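> How does the following fold in three dimensions:
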Amino acid sequence: TKIFTETSLRTAEKFIAFLKRHYTQKQIAKLFIVEMQDKTKYEIVIHEWEDSLRMLQTANFFTHLEQNFIKVKLCVKNLHDEIVRIHHIVSYKPSSHKAFEYKDKYVAAQGEMGQLDFVLPKTESELYLMSKKLKNCMFSYASKITKGTSTVYGVYKKEALLYAVELQEHSIVQAKGVSNTHIPKEDMQLISIWREEKIIK
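Have a look, this model is predicted:
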């Protein structure tokens, strides 16, 4: 299977030129010579590569790529995930201003714990704005929140939104910073204490 077709070659060339501004030639060469020739994951890698090229062919996508790209460790999966993230950011529009409904225990768990302040998004639009600030795909969790299968808190420090925490019942299933980065140990400890005292008890 060829990794370029007649229709995707121009897009691929433009994308490689973009990658050269963020990565070394050695890193890019490894992407094509090593990873795309790995027989153990060849089909998955090629599928993600082709899917990435299809999204890149969307009108004005390279402009959005320039504006929103966050440098990731260079591999096809990470590039694909980053392109998907940007695609969602530019194509998503909140469908409802209707207020989310939460169980009483989740509403009561809002508030300060040490230097952190835990806040529930009131509407899908508010969730979208939080997601945009944190540069993640949290906006896509609106249906899970509506169904009650997940609860997402924005976590602030000195009035700045720094983290998002997703709960399913009593468990933290995700806790991430801007661009899905890890939360510092001391703040993660506070989040764990908050869960113990506000959610479990």
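> is it true that Tyr106 touches Phe118?
No - judged on C-beta atoms under 8 Å, Tyr106 makes no contact with Phe118 at a distance of 9.8 Å. Placement of C-beta: from N, CA and C, glycine included.
> Give me the more crowded residue out of these two.
Between Tyr106 and Phe118, counting by other C-beta atoms under 10 Å, Phe118 is the more crowded of the two (22 against 18).
> which other residues reach the host helix or strand of the more buried one?
Per DSSP states H and E, Phe118 falls inside strand 116-119. Contacting residues not belonging to strand 116-119 are listed as 109-112, 153-157, 159, 163, 165, 187, 190-191, 194, 198 [C-beta atoms under 8 Å, 6 or more residues apart in numbering].
> cool, stretch 59-66 as well?
With C-beta under 8 Å, 6+ apart, stretch 59-66 has contacts from 14, 18, 55-56, 83, 86-87, 89-90.
> Of these, which is the most crowded?
Ile83 (24 neighbours).
> pretty sure it is touching Ser52, no?
Yes - Ile83 is within contact range of Ser52, at 5.0 Å (criterion: C-beta under 8 Å).
> What are the phi and psi values at the most centrally placed residue in the chain?
Geometric centre of the chain, nearest residue: Asn136, 3.1 Å, by C-alpha atoms, centre = their mean. Here is the backbone geometry of Asn136 (degrees, to the nearest 10): phi -140, psi -170.
> packing partners for the longest strand seen in the chain?
Secondary structure assigned by DSSP state E gives strand 160-168 as the longest strand of the chain. Secondary-structure packing of strand 160-168 (3 or more C-beta pairs under 8 Å, 6 or more residues apart in numbering; DSSP states H and E): helix 124-134, strand 151-157, strand 171-176, helix 185-194.
> Of all the residues in the strand or helix carrying Ile16, which ones are buried?
In this structure, Ile16 is located in helix 6-20 according to DSSP H and E. Across helix 6-20, burial judged by 16 or more other C-beta atoms under 10 Å covers 8, 11-12, 15, 19.
> before we move on, the earlier item: quick one: mean pLDDT over the strand holding Phe118.
For strand 116-119, the mean per-residue pLDDT is 98.
> ditto for stretch 67-80
The pLDDT scores in stretch 67-80 average 91.
> what does stretch 7-22 give?
Averaged across stretch 7-22, the pLDDT comes to 92.
> Pull the residues that contact it.
By C-beta under 8 Å, 6+ apart, the list of residues contacting stretch 7-22 reads 3-4, 28, 50, 52-53, 56-57, 62, 65-66, 69, 71, 74.
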